[in-house]
Each structure stands twice: as structure tokens, then as C-alpha cells.
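Q: Sequence first, then the predicted structure, then my questions.
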Amino acid sequence: MSSYPPHPYAAAEAPHRPAVERSDRHRVWQLVAGAVAFVLAQLVAGTVSVLAHVFNTGALVGSTGELTGGEYLIGMCAGALVALVLYALIVGTIGKAPWLGLRGSSVPLEIAIGLGVGAVLIAVSVGLIALFGGYRITGVEVSGGILLALAAGIGAGFMEEILFRGFLLRILDAWLGTWWALILSSVLFGAVHLTNPEATWLGTVGIMVSAGGLLGGAYILTRRLWLPIAIHISWNFVQGGIFSSDISGTGDSHGLFTAQWPGPAWLTGGTMGMEGSVLTIAVAVIAAGGILHLALKHGMIVGPVRRERRAAREPEAREPDPRGTEPQ
């Protein structure tokens, strides 16, 4: 990650301008609209999944079994598209800052890096858990569970990132500064996962500390959504679709490798899945620390907008007088 290109708004390139672009307006209304957009995207995802099932079977879900991986994937893709379009509309019309958090010349690179980072972090975590005896592959199976995990990655990657990083973190950053915004958005992000059917307190705290910091840091570094979206997609897909770990306490996953997870919950994550493992948390925290270090180096960690405005209003008389006298 040390070769990551400098952000176009980096303070080092323009010492007298704000380090990041925060020209948007009506942030309270953006936040309200963002919450509504999240709910609408979830409803669209569920409705399209059911419609896909009806189209395939001619009957409602329940009478002919549960949703297949393909049907769920179609629904999540529809929900992701709705979330993305609504985000662009909200920041463009309410925020008066078209394409804020989306535009940039390095978008393909950010997506590629994000997918790679998520996959590597999960693979390293599984390797460490296996090293301590908490993971054992028993076979290989190509099943619909792979598509279910991909759907979970795409759905969470777009819908959750747009809500928690695109709206919540971005707006709290303008109000409170980057560090407080990162802390509060991470706590709320983790707390939401307590609603999952098999969530645990340890796993929830782990998500707050690791995933909240990792994904929040990815947004702070680039000030765009593509890197955290890609990390989130890959993170969910690889753990569930490849290594057959439960994803955030949502239930059993059946990925490419059929596997056993022997050992205590602190090692394997228990019913929360490997996100609840102290080893996964440690790996993610280290990665988050590296990303936040880069963000700090490039001037992406800043104070509240009001502080920038106050600094911009400071009288130029504080600068040295060209005649050699000190300003009064």
C-alpha cells in the first residue's frame, strides 16, 4: 500500500486550501435522505429476489423452498444499483456537490486494490486460525453457497458502505473531524450487526474495531467509496464463498471449501464467523493502522469544517509585513 497514489486533494499539493473536498451543503438532510435510501435499497433487493424466485419457479418463496444463490444475487445487485443511484442523486441535488465521493481518475485501481486487500486479509486470517488448529478443510464443493456469499458481499459492499461511509462517516467528518467521525461511525456500524441472528458481543466489538477502522480508513484515504466497497465485497465473499465461514453471524455458509472450525470461539469466531476471531481482528487492525498512517501522511485526516473556515477568515495581517514591521 505504500505505493498508493497521492490524493488529488492532498494538502501537500495546495497548502492554502482544505486538505479534502467538503463543499457539500444541507448535511442533516443528506443524512436523513441517506437513511431512507438505505431502507429503499434493502426493500428493492428483497423484492427483486422474490420476483426472481417467482419467475424461476412460478410460486412464492416458501412453497417451493428458499431463495437460491442466483436469485439472491440478482436481488442484491438491484439493491446495490439503487443505493448507488440514490447516493449520487442525494449528494448532487441536496448536497449540491455532484459525484462527491465517486469521481476520480483512479477508480479502477481503487476497485482492484480493494478486491485484493479484502481477499488477502481473509486468507491470512484463515491461515493463522488454521495454524492454531481452528480451521481444517475437509473437501471441495461447488454449490449455490458461493453465489449466496457473492450476493452478501455485493449487497453489504454497496448498501452498507454508502450508508456508513458515504453518508455517516463523511458527514460526521465535516461536523466533528476525522477521528471522532471514524470512532462514532465504527461503533454504529458494529452495533447494527448485533441484529444478525447468530451475532455475539465479541464479534460485534471485533467488527467495530477491525472492519469499522479498515473500511472507514479506506474511505478516509481516498475520500471516495470505491476502495471500501471493493474491500467489503471481497471480505464477505472470500470468507463465506471460499472458506465457508459464517458472515457476521448471519448463519452457516457453504463455500468452495467444506471445512470444520474446531476450537474456542476466541480463535474461530464461533457463531459470528471468523470476523469474531481475535486473529482476524488483529490482522484487520494492523491493516487499518497502515491505511490510516497513509491517510495521515497525505493530509486526509482533518478537523471539523468550521475550524477550516475559521482559519480561512484569519486576517492576513498575521503574515510578516513586507516593510519589516510586525502587525499590530
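A: Nice, thanks for sending it over. Residues are numbered from 1 along each chain as shown.
Q: Phe132: neighbour count?
A: When neighbours are counted by other CB atoms under 10 Å, Phe132 registers 13. The way it works is simple: take the backbone N, C-alpha and C, and place the C-beta from them, glycine included.
Q: cool, and Val107?
A: 16.
Q: now do Leu60
A: 10.
Q: Strands of the chain, residue ranges please.
A: 136-140, 257-260 (DSSP state E).
Q: what's the most buried one of the ones you listed?
A: strand 257-260 (a mean of 16; mean count of other CB atoms under 10 Å).
Q: Now do that one: which elements does it pack against?
A: Where contact means 3 or more CB pairs under 8 Å, 6 or more residues apart in numbering; DSSP states H and E, strand 257-260 is packed against strand 136-140.
Q: what lines up beside the strand it packs on in the sheet?
A: strand 257-260 (antiparallel) (DSSP bridges).
Q: which residues touch the partner strand?
A: With contacts defined as CB atoms under 8 Å, 6 or more residues apart in numbering, strand 257-260 is touched by Tyr135, Arg136, Ile137, Thr138, Gly139, Val140, Glu141, Ile242, Phe243, Ser244.
Q: Could you do stretch 108-128 as well?
A: Applying CB under 8 Å, 6+ apart, the set of residues contacting stretch 108-128 is 1, 4-5, 104, 135, 214, 218, 222, 224, 226-235, 237-239, 242-243, 245, 274, 277, 279-280, 283-284, 287.
Q: Just the buried ones from the residues you listed, in PyMOL syntax?
A: Typed into PyMOL, the line below selects the buried ones among those, using 16 or more other CB atoms under 10 Å:
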select buried, resi 4+104+135+214+218+222+224+226+227+228+229+230+231+232+233+234+235+237+238+239+242+243+245+274+277+279+280+283+284+287
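Q: Between all of the contacts of strand 257-260, which two are separated the most?
A: Spatial extent of the contacts of strand 257-260 (CB to CB) is set by the pair Tyr135 and Glu141 at 16.2 Å.
Q: For Arg22, what are phi and psi?
A: Phi and psi for Arg22, reported as degrees, to the nearest 10, are phi -140, psi 60.
Q: Can you check the pLDDT for it?
A: pLDDT, Arg22: 91.
Q: Run a quick check on it versus Leu172, I expect a contact.
A: No. In this structure, Arg22 is not within contact of Leu172 by CB atoms under 8 Å, at 11.6 Å.
Q: Sitting in helices, which of the contacts of stretch 108-128 do you find?
A: 214, 218, 222, 226-235, 237, 279-280, 283-284, 287 (DSSP state H).
Q: so what's Ala80 up against?
A: So Ala80 contacts Ala41, Ala45, Ile154, Gly155, Gly157, Phe158, Met159 (CB under 8 Å, 6+ apart).
Q: out of these, which are inside helices?
A: Per DSSP H, the contacts of Ala80 map to helices at Ala41, Ala45, Ile154, Gly155.
Q: hmm, which of these are the buried ones?
A: Ala41, Ala45, Ile154, Gly155.
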